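Asker: Got a sequence here, can you build the structure:
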Amino acid sequence: MKNILHAIWVSLMIMLLCAALAGCEHKAALAEEAKPTIVGDAITFPAASPALKNILTEKVAAPLDRELNIPGRLVWDEDRTVRVFTPFAGRVSKIVANVGDKVVKGQVLAELQSPDFAAAQTDARKAQSMLKLGKQALGRVKELAANGVAAGKDLQQAEADYANAEAEANRATARLKLYGDSQNIDQRFNLVSSITGTVVERNLNPGQELRPDQPNAPQFVVTDPARLWVQLDATEIDLRLLTLGAPISITTNQYPDDSFTGELKQIADFIDPLSRSLKLRGVVPNPERRLKAEMFINARIALTKNEFPTVSEKAVFLDGMQRFVFVKTGPETFTRRGVKVALDSINMVAAQNGLKVLSGLHEGEEVVITGNLLMQQMVAAARMDEDVLSKTVKSAPAIIGKDEVQAGKSGAAIKPASNPRSAATVLPSLKPMLFNLAHVK
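Answerer: Next comes the predicted model:
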């Protein structure tokens, strides 16, 4: 009786064990059905897989117009700017123009009392007197020489004296006209503007002593703010992309919704040795005077159209030293593919326009932009499992079945099973064995 109860207990345990193994096998089969299939670099998801809802794709775009983004600042247009310095030492007696005043060419900005200017006036007056005297002396000598009274050398000397007096008079008069023609010797010198524009800087006060050799700022700065210069600092790699006359679109933090159009006028012939930057200069019209000098700006320089398609930067990822994307090759199939993209300053700055694809993709193909990193992990894990399995199969003994036993009896070599045996195959062979063990006392 005791043996019968023992056999029944063992049988129940065996049945429970078989049921558990069968349930595990069934769950494993369901899990296998929900998992995607990975073959090489291709991943195929089941049609009802919820993972497909989290995978977003985007088409490879056609070649786009490119633009180079460079920070810079606005400065006065030096072709329309004059810095007024005094050429004579003197004292400021009157200030006529102030910052913000509009002036015309030749308008007085300030008055100085200058003994040096008075000396220049005196020199011009003396030179005119010597010229008049020399002319009279030459006339007398010519008259005497015509009557045979004066010698020829006296005539030559008179002519030379007159020529010297004329040259000195011309020099003194030209100098006086350069700084202001004045008939009276009054020591009053006027600082005047040589262009029509706006006074943007004043650096003198009433009663101030000025000297031309003082290393100070100019007394006045007059400019035309209707046009400004744009100073830009480009990188060395941008040099091959720049051309004179390229249009420039300027934006500022002060006017975030507006842009101003300019033109690239100059490219430096050297690289700055300290900053390793390339100096650029453009011009921008400013008729409404909304832009101000020394304002920081962002300039976009239009370049030639890109000849390569572009792809979103979200689609490209690194695996080692190679860049890859996942391309949609079927309704639920995605294949990993190596690509080569250009990582120059254009694509790094204007990333919203995508990366320039040099090879590996064609216009119109769909690439994964969300979920590609997860798929990369799945591919990497599958490859790792394959490597581990191959090493295990080589090192572990084979599961021998009837065919293998017969081959062993005949002396043939026993080969490892090409397909590992599943639980469904092993359990039927174990049941008789366990039943026999139950009857052992």
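Asker: so who does residue 295 touch?
Answerer: By CB atoms under 8 Å, 6 or more residues apart in numbering, the contact list for residue 295 reads 73, 74, 252, 254. All C-beta atoms are positioned from the backbone trio N, CA, C, and that covers glycine.
Asker: Can you tell me the element the first one falls in?
Answerer: Under the criterion of DSSP states H and E, residue 73 resides in strand 67-76.
Asker: so residue 231 touches residue 73, yeah?
Answerer: Yes. Counting by CB atoms under 8 Å, residue 73 is a contact partner of residue 231 at 5.7 Å.
Asker: Give the helix, strand or coil label for the nearest residue to residue 218 once chain neighbours are set aside.
Answerer: Closest residue in space to residue 218, ignoring its immediate chain neighbours: residue 83 at 3.7 Å, by CB to CB, 6 or more residues apart in numbering. Using DSSP: H, G, I helix; E, B strand; the rest coil as the criterion, the local structure at residue 83 reads strand.
Asker: Count the residues that sit near residue 83.
Answerer: Neighbour count of residue 83, defined by other CB atoms under 10 Å: 15.
Asker: before we move on, the earlier item: which one (most neighbours) among the contacts of residue 295?
Answerer: Going by other CB under 10 Å, residue 74 tops the contacts of residue 295 with 24 neighbours.
Asker: what's in contact with stretch 132-141?
Answerer: 150, 154, 155, 157, 158, 159, 161, 162, 164, 165, 166.
Asker: Could you list the low-pLDDT ranges of the stretch 201-350 of the chain?
Answerer: Residues of the stretch 201-350 of the chain meeting the criterion pLDDT under 70: 304-306, 343-350.
Asker: again, 80 this time
Answerer: For the stretch 201-350 of the chain, the stretches flagged by pLDDT under 80 are 215-216, 302-308, 342-350.
Asker: in it, which spans are helices?
Answerer: For the stretch 201-350 of the chain, the helices defined by DSSP state H, counting those that start in this stretch occupy 345-349.
Asker: list the helices and strands the strand holding residue 73 packs on?
Answerer: Helices and strands touching strand 67-76, as assessed by 3 or more CB pairs under 8 Å, 6 or more residues apart in numbering; DSSP states H and E, comprise strand 227-235, strand 277-285, strand 296-302, helix 345-349.
Asker: Swap in 10 Å and give it another go.
Answerer: strand 197-202, strand 220-223, strand 227-235, strand 247-251, strand 277-285, strand 296-302, helix 345-349 (3 or more CB pairs under 10 Å, 6 or more residues apart in numbering; DSSP states H and E).
Asker: Would you mark the buried spots in stretch 55-75?
Answerer: 55, 57, 58, 60, 66, 67, 68, 70, 72, 73, 74, 75 (16 or more other CB atoms under 10 Å).
Asker: Out of those residues, which one has the weakest pLDDT?
Answerer: Of all the buried residues of stretch 55-75, residue 66 carries the smallest pLDDT score, 68.
Asker: ok, the residue lying closest to residue 184 once chain neighbours are set aside - contacts?
Answerer: Of all residues not flanking residue 184 in the chain, residue 121 sits nearest, at 7.8 Å (CB to CB, 6+ apart). Each residue near residue 121 by CB atoms under 10 Å, 6 or more residues apart in numbering is listed here: 114, 172, 175-176, 179-189.
Asker: so where does residue 150 fall, helix or strand?
Answerer: Remark: residue 150 resides in no helix or strand, with elements defined by DSSP H and E.
Asker: For the closest residue to it other than its chain neighbours, give its distance to residue 152.
Answerer: Nearest residue to residue 150, sequence neighbours excluded (CB to CB, 6+ apart): residue 144, at 3.6 Å. Here the criterion is CB to CB, to the nearest Å. By it, residue 144 lies 11 Å from residue 152.
Asker: So which of those two has more stuff around it?
Answerer: Neighbours were tallied for residue 144 and for residue 152 using other CB under 10 Å; the higher tally belongs to residue 144 (15 against 8).
Asker: mind checking the SS state of that one?
Answerer: Under three-state DSSP, residue 144 comes out as helix.
Asker: My understanding was that it contacts residue 155; is that so?
Answerer: Yes. With contact defined as CB atoms under 10 Å, residue 144 counts as touching residue 155 (8.3 Å).
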